[in-house]
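>>> generate coordinates for the sequence data below:
(2 chains)
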Amino acid sequence: MLSLLKRYRELLVVSTLLIYPFGAFLTQGGRGREPNVLDRALLALMAPVQRGLTAMVDGAVGALDAYVALRGVREENQALRQETTLLKAQLVESAELRSENERLRRALAYSERQQETEVLARVVGFNPVAGPHSVRIDRGESEGIREGMAVVTPDGVVGQVIRTTGGTADVALLTDPQTRAGVRVQRSRARATVAGAGASRPLRLDNALRTDDIVENDLLVTSGADGVFPAGLLVGKVTNLSRTEHGVFQVADILPVVDMTKLEEVMVITSMIIPEREPVPEPPPPPTVPVPTAVAPGAH
Amino acid sequence: MRLLFTLGLALLLLAVQSVALQALGISALRVDVTVILVAFLALRANRLEGAAGAFALGYLLDLVSGRPTGLFTFLAVGCFLLGQFASTLLDVRTPMSFVLFAAATDATHGLLAAFFTWLTSRNPAATSALPLLPWQVLLTALAAFALYPVLRRIDPGNDRREVGALR
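Numbering: from 1, shown residues only, chains lettered A, B, ... in the order given. Next up is the predicted model:
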């Protein structure tokens, strides 16, 4: 037996090295395993290199910018850019609020506005593997970041945390084929799902009923129904809408509002606090208007 | 020792790539640095050592993908074995022939990755990386050319200057 093992040792070892990961792949599907001790150690080893390189690149780009552009112009440009971002966010928010207000006024109900706590993080690297679309950020478990949390920028939705270790986390981008988000059309409130379609491709509109009111250039915001993304965050704009004569759904491409190739800082929503609903005041009793008593005809 | 050096180099190259592609504004493209190392192992290492090295390189690639499923580990060992078989038919002893060999290994790796991802998910988006594959192979070939002098330091092998083709 031992001699047989010795004889076929190479074949056995090589077969195991080939079959074991294939078996793991078939059984795990596309989910991926939880990071073990070795994974964490290797990622921890890689993180300082990525941070250092990012800082180096930032420094080099900053130095080059400062050299090329006039300092005052650069600062002004930066301030204007920040202001534009802020105004853009406010515009989206106000459109969303206006729409929400109208609905609420119609329904005579009280709003259930969500409040979030966020952690600001720096993108330190893109996933160097073709296929899955994810980025690594420099905040992790130690900052309260957990798998499944939503990641956003002031412009809109970025993605979802898929793995965390001590000081870093991986975020699957909205463009990743495995990412989904529940959305609403900002104008008509029609519900649908947005799915990633891979590299350099627009997002895909899924589960949008053919009868739903969706037109080209409609803005999509998160619906909050998926339990991951808070409601009202901008996702993208509808393009290439096609509605066939038959069938249940209409399809469209969605241009994401966030440029995933130029991510620098992102915010991880670590908790979504839904404030307790204020007690709905009892409706005032209807005014007592003296009802004229019916007078029997001919009572005069 | 040689294996450890290869793994350390892979870890460093993956970290550099994850930052460099973003900085260069080509984050949609990838360079398969680990596939270059697998191709090198296929040419220079014996079967047992090479398979173990390819397994470790694939494990690293799986790890940095964000969703370690085991696919890249399997593909790395598979590509190593295919590469080793191909090396018995081909004479890869010049820098240029190594670049072509690494490019062919990368193309095989990319196609197999898309196929197996599609097979298990049945999601048409699984093949979304295929249109970018030629660019990826080209970038990987350029990286192989740049890395060849470093790799030759790890294992000089029996390099020669003349262009070789079939044995």
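>>> quick one: stretch B:71-88 to chain centroid distance?
9 Å (CA atoms, centre = their mean, to the nearest Å).
>>> is that stretch up against chain A anywhere?
Yes - counting by CB under 8 Å from any CB of the partner chain, chain A is contacted by stretch B:71-88 at B:71-74, B:77-78, B:81. Glycine gets a C-beta too; all of them are placed from N, C-alpha and C.
>>> just the element for residue A:194, please.
According to DSSP states H and E, residue A:194 maps onto strand A:191-195.
>>> secondary structure element holding the residue lying closest to residue B:128 once chain neighbours are set aside?
Excluding its sequence neighbours, the residue lying closest to residue B:128 (CB to CB, 6 or more residues apart in numbering or on different chains) is residue A:198, at 2.2 Å. Using DSSP H and E, residue A:198 maps to neither a helix nor a strand.
>>> ok, the residue of the stretch 101-250 of chain A found nearest chain B - contacts?
Chain B sits closest to residue A:198 of the stretch 101-250 of chain A, with a gap of 2.2 Å, by CB to the nearest CB. Taking CB atoms under 8 Å, 6 or more residues apart in numbering or on different chains as the criterion, residue A:198 is in contact with A:133, A:175-177, B:125-129.
>>> distance of it relative to residue B:117?
10 Å (CB to CB, to the nearest Å).
>>> residues in contact with both of these two, list them for me.
Residues within reach of residue A:198 and of residue B:117 at once, by CB under 8 Å, 6+ apart, are B:126-127.
>>> flag every buried residue along stretch B:40-52.
With burial defined by 16 or more other CB atoms under 10 Å in any protein chain shown, the residues of stretch B:40-52 counted as buried are B:40-45, B:50-52.
>>> tell me the one among those nearest to chain A.
residue B:51 (4.6 Å).
>>> name whatever forms a beta bridge with residue A:221.
residue A:184, residue A:234 (DSSP bridges).
>>> am I right that it is in contact with residue A:183?
Yes - at 6.5 Å, residue A:221 counts as touching residue A:183 under the criterion of CB atoms under 8 Å.
>>> what about these two, which has more around it?
Neighbours per residue, other CB atoms under 10 Å in any protein chain shown: of residue A:221 and residue A:183, the larger number sits with residue A:183, 32 against 24.
>>> how many other residues sit next to the one residue in chain B that gets nearest to chain A?
Minimum separation of chain B from chain A (CB to the nearest CB) falls at residue B:128, amounting to 2.2 Å. Applying other CB under 10 Å, we find 23 other residues in the vicinity of residue B:128.
>>> and the pLDDT at it?
pLDDT, residue B:128: 74.
>>> give me every residue that touches it.
By CB under 8 Å, 6+ apart, residue B:128 lies in contact with A:177, A:197-199, A:201.
>>> among the buried residues of stretch B:40-52, name the ones in helices.
Of the buried residues of stretch B:40-52, the ones assigned to helices by DSSP state H are B:40-44, B:50-52.
>>> name the element the residue nearest the centre of chain B belongs to?
Among the residues of chain B, the one closest to the centroid is residue B:35, at 0.7 Å (CA atoms, centre = their mean). Residue B:35 belongs to helix B:33-44 when assigned by DSSP H and E.
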